[in-house]
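**Student:** Provided below for reference: sequence and predicted model.
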Amino acid sequence: MSRKEYVAAIDAGTIGCRTIIFDTAGHEIGRAYDEYLSQYPLPAWVEQNADDWWLTACNTVKRAIEATKVNPEDIAGVSVTNQRETIVPVDKNGKPLRNAIVWQDRRTVPQCEWIKKNVGADVVYRIAGLTVDPYFSAPKILWITKNQPEIAKKTHKFLLVHDYIEYKLTGEFVTDWSNASRTMLFDIEKFEWSEKLSNEMEIPKEKMPTAYASGTKVGEVTREAAKSTGFTEGTPVAAGGGDQQCGAVGVGVVRLGRIKATTGTGTFMLAFLNEPKRDRQKRVLCSCHAVPGKWVMEASIFTTGAVYRWFRDRFGHIEKQSASQLGIDAYELLNDEAEAAPIGSGGVLVIPHFIGAGAPHWDPKARGVILGLALGHERKHVIRAIMEGVCFEIRRNIEVMKELGIKIEEMRITGGATRNPTWNQIQADVYGIPVAKGVVEEATSLGAAILAGVGAGIYKDVADAAEKMVIIGERRMPIAKNHGLYNKLYEVHKTVYQALKQANVYARLAEFTV
């Protein structure tokens with residue numbers, strides 16, 4: 001091994017930024033984390049100060065280097081991963097002209113309606129692989145253009161979070177294909193900004209950063225950035241990737257047959273594709289992968305782990321108090337209760353649509369359901385039913401992907417929910433395929449570190465690096481008897497949602513929502 005034997009990943013998420021240093025075998029050496037604030041000018045508006053991203057990046061890099069005692073000269077490369085879709089306009093000197101508009105922001109509904117009318121949802125889906133939704137970047141740019149034309153006029157580039165941090169590191173205005181493919185302006189088959197979408201939305205392509213394949217060396221750490229971060233001047237910087245694509249790389253979803261599910265507040269599923277695919281019903285989306293020249297089919301489920309947290313916070317007071325006294329996490333006690341419940345939760349069924357249904361339903365009026373309760377049921381039945389209900393939602397998206405001809409042989413799992421071995425086994429039993437968990441929990445950061453290693457020339461490509469750096473720890477195989485039982489309950493789960501929707505129950509309930 002050469003003298004330079006480490007790679008650094010800067011992971012700028014929605015709540016904060018972490019820097020993790022890895023060795024080139026995929027082992028975490030050390031980390032640091034800082035949070036930054038979101039601002040809410042109006043209830044449905046979410047903004048962040050782009051300078052906060054850079055400040056926390058600098059602070060976490062310095063602390064990670066100090067904590068690990070790694071010589072900065074031994075860091076072979078750096079890359080960035082990020083919350084996707086968030087956009088900030090900057091001038092020619094890279095100075096932000098206003099706060100960034102965050103992916104969660106919902107102010108752009110009128111812009112989305114304009115896009116549907118003047119461009120067409122089918123056109124956007126065919127070229128960009130995305131639905132028309134405030135989630136994505138283009139409507140945010142249109143909002144700035146309409147409501148703050150003086151800022152739009154001064155804008156040199158519209159940058160994503162990854163782009164801004166990499167500009168501060170290198171002085172180059174760059175993005176990567178995986179992030180660009182979440183803007184609603186990128187041609188995911190040509191790997192370039194779409195002439196048609198840019199023209200019809202009147203967003204000049206020249207105002208977007210140059211897009212590179214993830215893992216491409218796009219510059220080096222400048223003298224100024226070296227002083228701010230503690231990196232060595234001249235350290236190679238590689239184009240990174242969106243958090244979900246990097247998370248897929250970080251658990252080895254780099255070849256056909258593998259799919260990943262990251263379950264935290266919600267669940268994000270990505271299946272590896274050798275060629276782009278479309279769904280006529282637009283139930284799932286297609287984006288560029290952080291593996292150059294490859295794609296992912298994506299499904300987003302809004303409330304999964306959030307429902308478990310809801311139960312903990314609203315009904316888990318005993319567990320929270322006991323956990324505090326024992327010095328453990330309250331989830332550990334809840335997990336033990338779930339393990340004590342029978343498969344199928346004694347007939348209790350949970351549909352976890354607590355803030356509406358995401359993929360494949362895309363039903364904003366849907367709400368959570370707890371069905372089948374009897375006087376003999378206990379808390380353990382409801383806890384396990386939450387886990388099973390989440391898995392049924394994930395399975396529904398697996399089936400949609402299979403309908404589209406996507407080969408799925410193994411599920412790779414990441415996120416906070418994977419700390420629960422009971423839940424991991426439930427996943428295997430519900431899906432009927434092996435479920436594997438990586439040793440490194442921060443798979444997104446590991447994915448960015450892999451890209452850094454490729455950009456630094458340590459590995460020949462992303463797939464090669466992933467096979468060497470991703471270490472699988474726990475692997476769960478489906479138990480045939482359990483899978484058979486879950487097949488029956490899954491059909492009930494689907495029937496309940498369809499029956500409520502067809503009977504217009506969700507819409508009728510909506511008038512009572514305050």
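**Tutor:** Arrived safely, thanks for sending.

**Student:** span of stretch 231-244 from start to end?
**Tutor:** With C-alpha to C-alpha, to the nearest Å as the measure, stretch 231-244 spans 26 Å from end to end.

**Student:** show me where pLDDT drops low in this protein?
**Tutor:** Along the chain, the model assigns pLDDT under 70 to residues 1-4, 514.

**Student:** buried residues of the longest helix along it, list them for me.
**Tutor:** For the chain, the helix reaching the highest residue count under DSSP state H is reported as helix 379-403. Going by neighbour count (16 or more other C-beta atoms under 10 Å), the buried part of helix 379-403 is 379-398, 400-401. C-beta: built from backbone N, CA, C; applies to glycine.

**Student:** next SSE after it?
**Tutor:** strand 408-414 (DSSP states H and E).

**Student:** so which elements touch that next one?
**Tutor:** helix 243-250, strand 257-263, helix 379-403, helix 421-431, strand 435-438 (3 or more C-beta pairs under 8 Å, 6 or more residues apart in numbering; DSSP states H and E).

**Student:** contacts for that strand?
**Tutor:** For strand 408-414, contacts defined as C-beta atoms under 8 Å, 6 or more residues apart in numbering pick out 247-248, 250-253, 257-263, 271, 398, 401-402, 424, 427-428, 431, 433-438, 441, 443-444.

**Student:** follow-up on the earlier one: could you dump the helices and strands packed on strand 408-414 into TSV and include distance to Leu160?
**Tutor:** Shown next, in TSV, are the helices and strands packed on strand 408-414 (distance: least, C-beta to C-beta, whole Å):
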stretch	distance to Leu160
helix 243-250	11
strand 257-263	19
helix 379-403	26
helix 421-431	31
strand 435-438	26
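
**Student:** closest one to His353 among the ones you listed?
**Tutor:** Smallest distance to His353 across the helices and strands packed on strand 408-414 (C-beta to C-beta): 8.3 Å, for helix 379-403.

**Student:** specify the angle between the closest one and strand 408-414 in degrees.
**Tutor:** For helix 379-403 against strand 408-414, the angle by axes from the mean of the first three to the mean of the last three C-alpha atoms, to 10 degrees is 130 degrees.

**Student:** which stretches in the stretch 151-300 of the chain count as strands?
**Tutor:** For the stretch 151-300 of the chain, the strands defined by DSSP state E, counting those that start in this stretch occupy 157-159, 174-176, 186-187, 192-193, 210-212, 217-220, 236-242, 257-263, 267-273, 285-288, 295-301.

**Student:** can you tell me which of the helices and strands packed on strand 408-414 is nearest to Arg98?
**Tutor:** helix 243-250 (23.4 Å).

**Student:** what's the closest one packed up against?
**Tutor:** Contacts defined by 3+ C-beta pairs under 8 Å, 6+ apart place helix 243-250 against strand 75-82, strand 257-263, strand 267-273, strand 295-301, strand 408-414, helix 443-455, helix 462-469.

**Student:** for Met208, see how far away Asn199 is.
**Tutor:** Distance of Asn199 to Met208, computed by C-beta to C-beta, to the nearest Å: 13 Å.

**Student:** over to Phe512?
**Tutor:** Going from Phe512 to Met208 by C-beta to C-beta gives 45 Å.

**Student:** more crowded one of the two?
**Tutor:** Set Phe512 next to Met208 and count neighbours by other C-beta atoms under 10 Å: Met208 wins out with 23 against 6.

**Student:** need the contact list for that one.
**Tutor:** Counting by C-beta under 8 Å, 6+ apart, Met208 touches Lys157, Phe158, Thr175, Ala180, Thr183, Leu185, Trp193, Ser198.

**Student:** give me that answer again for 7 Å
**Tutor:** Lys157, Phe158, Leu185, Trp193 (C-beta atoms under 7 Å, 6 or more residues apart in numbering).

**Student:** do Ala452 as well
**Tutor:** Going by C-beta under 7 Å, 6+ apart, the list of residues near Ala452 reads Val7, Ala8, Ala9, Gly77, Val78, Ser79, Ala238.

**Student:** before we move on, the earlier item: buried deepest among the strands of the stretch 151-300 of the chain, which one?
**Tutor:** Highest mean neighbour count among the strands of the stretch 151-300 of the chain (mean count of other C-beta atoms under 10 Å): strand 236-242, with a mean of 31.

**Student:** then that strand to PDB, C-alphas only?
**Tutor:** The C-alpha trace of strand 236-242 is given here as PDB (Å, rounded to 0.1, in the frame of the first residue of the first chain):
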ATOM      1  CA  PRO A 236      -7.500  15.500  -5.100                       C
ATOM      2  CA  VAL A 237     -11.200  16.200  -4.900                       C
ATOM      3  CA  ALA A 238     -13.600  13.900  -6.700                       C
ATOM      4  CA  ALA A 239     -17.100  14.500  -7.900                       C
ATOM      5  CA  GLY A 240     -19.300  13.000  -5.200                       C
ATOM      6  CA  GLY A 241     -23.000  12.000  -5.400                       C
ATOM      7  CA  GLY A 242     -26.400  12.300  -3.900                       C
END
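
**Student:** centre-most residue in the protein?
**Tutor:** Gln244 (3.6 Å; C-alpha atoms, centre = their mean).

**Student:** any idea how far Leu270 is from that residue?
**Tutor:** Going from Gln244 to Leu270 by C-beta to C-beta gives 6 Å.

**Student:** list the residues that contact both of these two?
**Tutor:** Common contacts of Gln244 and Leu270, defined by C-beta under 7 Å, 6+ apart, comprise Glu298.

**Student:** partners of the closest residue to Thr418 other than its chain neighbours in the sheet?
**Tutor:** Once flanking residues are discounted, Thr418 sits nearest to Lys437: 5.1 Å by C-beta to C-beta, 6 or more residues apart in numbering. Taking DSSP bridges, one finds Ile413, Glu474 as the beta-bridge partners of Lys437.

**Student:** same question for Glu298.
**Tutor:** Beta-bridge partners for Glu298, by DSSP bridges, are Leu270, Leu285.

**Student:** contacting residues for it?
**Tutor:** Glu298 neighbours (C-beta under 7 Å, 6+ apart): Gln244, Met269, Leu270, Val284, Leu285, Ser287.

**Student:** go on, Val174?
**Tutor:** Asp163, Glu166, Pro209, Thr210, Tyr212, Val218, Ala239.

**Student:** could the residues you listed go into JSON lines alongside distance to Ala340?
**Tutor:** Listed next are the contacts of Val174 as JSON lines, based on distance: C-beta to C-beta, whole Å:
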{"residue": "Asp163", "distance to Ala340": "49"}
{"residue": "Glu166", "distance to Ala340": "49"}
{"residue": "Pro209", "distance to Ala340": "53"}
{"residue": "Thr210", "distance to Ala340": "56"}
{"residue": "Tyr212", "distance to Ala340": "52"}
{"residue": "Val218", "distance to Ala340": "52"}
{"residue": "Ala239", "distance to Ala340": "48"}
